[in-house]
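J.: Structure of the sequence below:
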Amino acid sequence: MLKSLRRTGFASVLVIALATSPTVQAQDAPDASPDATTQEAAAIDTTGEPISITEMSSPRPTIETFHGGLIEIMKAAKVIGFQGRIDRLTPLMAETFDLDFMASKTVGGHWRKLSDADKKRWMEAFTRITVANYAGRFTGYTGEEFVTIDIEEAKRGQRLVLTKIVIPDEEDVELNYRLRKTETGWKVIDVYLNGTVSELALRRSEYSTALKREGFEELVASIETKIEDMKAKALVDG
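T.: I've put the predicted structure just below:
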């Protein structure tokens, strides 16, 4: 439910993180600073008129398919419950996000020191906690709408997709996605809340610090504990 983005819903994944993590601006994000310089497509209006870029080379379908899936999950959230949301979000997020890439960046320089087996474990743990975070906050639907605003070029051949969430009786919330082209299409590698706060940088600040302080096994164990806590909370909250 997105009746207040300071309490629930998509953007609160970042808002809640900000309450417990240092503020990290977009320019501090690992390999994901926005620094968009050239506009690639004209803005579109809320009627969904197509932007001036071919669909084959545009990241727009990736983001709009993701948003459409989120709306459907939000509408069914009460019926399917927490585990049902996880089950639906897992393939949707795997299709949208380059989760393995993001996982590698969230532990910073420690990534190179991990064994292949531990890299695999971390990518799996990162995916589970990322999906669980979303599942724990999509609790209903009150008429929210995702709107694509523009697409801009970024460094390294990447793209920045500018969007907003229109919330009834609330201020709009700006959400910008950074994507890179992969063998399977455009994939999200970072999300910026209000255009400046990098989710990837926040996660790196949290996880790389924990890894350095507590070690790899403790970090993975803490992730599993957080997921179990979310499941328990969901059972209580309904």
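
J.: Centre of the chain to stretch 181-194, how far?
T.: 9 Å (Cα atoms, centre = their mean, to the nearest Å).

J.: again, but for stretch 69-83
T.: How far stretch 69-83 lies from its chain's middle: 17 Å, per Cα atoms, centre = their mean.

J.: again, but for stretch 151-160
T.: Taking mean C-alpha positions (Cα atoms, centre = their mean), stretch 151-160 and its chain are 17 Å apart.

J.: could I get that stretch in PDB with only the CA atoms?
T.: Extracted as PDB, the C-alpha positions of stretch 151-160 are listed here (Å, rounded to 0.1, in the frame of the first residue of the first chain):
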ATOM      1  CA  ILE A 151      15.200   8.900 -20.600                       C
ATOM      2  CA  GLU A 152      18.700  10.300 -20.500                       C
ATOM      3  CA  GLU A 153      22.100   9.000 -21.600                       C
ATOM      4  CA  ALA A 154      24.600   8.300 -18.800                       C
ATOM      5  CA  LYS A 155      28.200   7.200 -18.600                       C
ATOM      6  CA  ARG A 156      29.500   3.800 -20.000                       C
ATOM      7  CA  GLY A 157      26.600   3.600 -22.400                       C
ATOM      8  CA  GLN A 158      24.100   3.300 -19.600                       C
ATOM      9  CA  ARG A 159      20.700   5.000 -19.400                       C
ATOM     10  CA  LEU A 160      18.800   6.900 -16.700                       C
END
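
J.: And residue 84, what's its pLDDT?
T.: Looking at residue 84, its pLDDT stands at 95.

J.: ok, now the one 3 residues further on?
T.: pLDDT, the model's per-residue confidence, is 97 for residue 87.

J.: and it, what element?
T.: Using DSSP states H and E, residue 87 falls within helix 60-96.

J.: residue boundaries of the strands in this structure?
T.: Ranges of strands within the chain are 39-41, 145-153, 159-166, 173-182, 185-193, 197-198, based on DSSP state E.

J.: Geometric centre of this protein: which residue is closest?
T.: Centroid check for the chain by Cα atoms, centre = their mean gives residue 191 as the closest residue, at 5.5 Å.

J.: Look up how far residue 176 lies from the closest residue in space to that one that isn't next to it in sequence.
T.: Spatial nearest neighbour of residue 191, excluding adjacent residues (Cβ to Cβ, 6 or more residues apart in numbering): residue 199 at 4.5 Å. C-beta: built from backbone N, CA, C; applies to glycine. Separation of residue 199 from residue 176 (Cβ to Cβ, to the nearest Å) stands at 11 Å.
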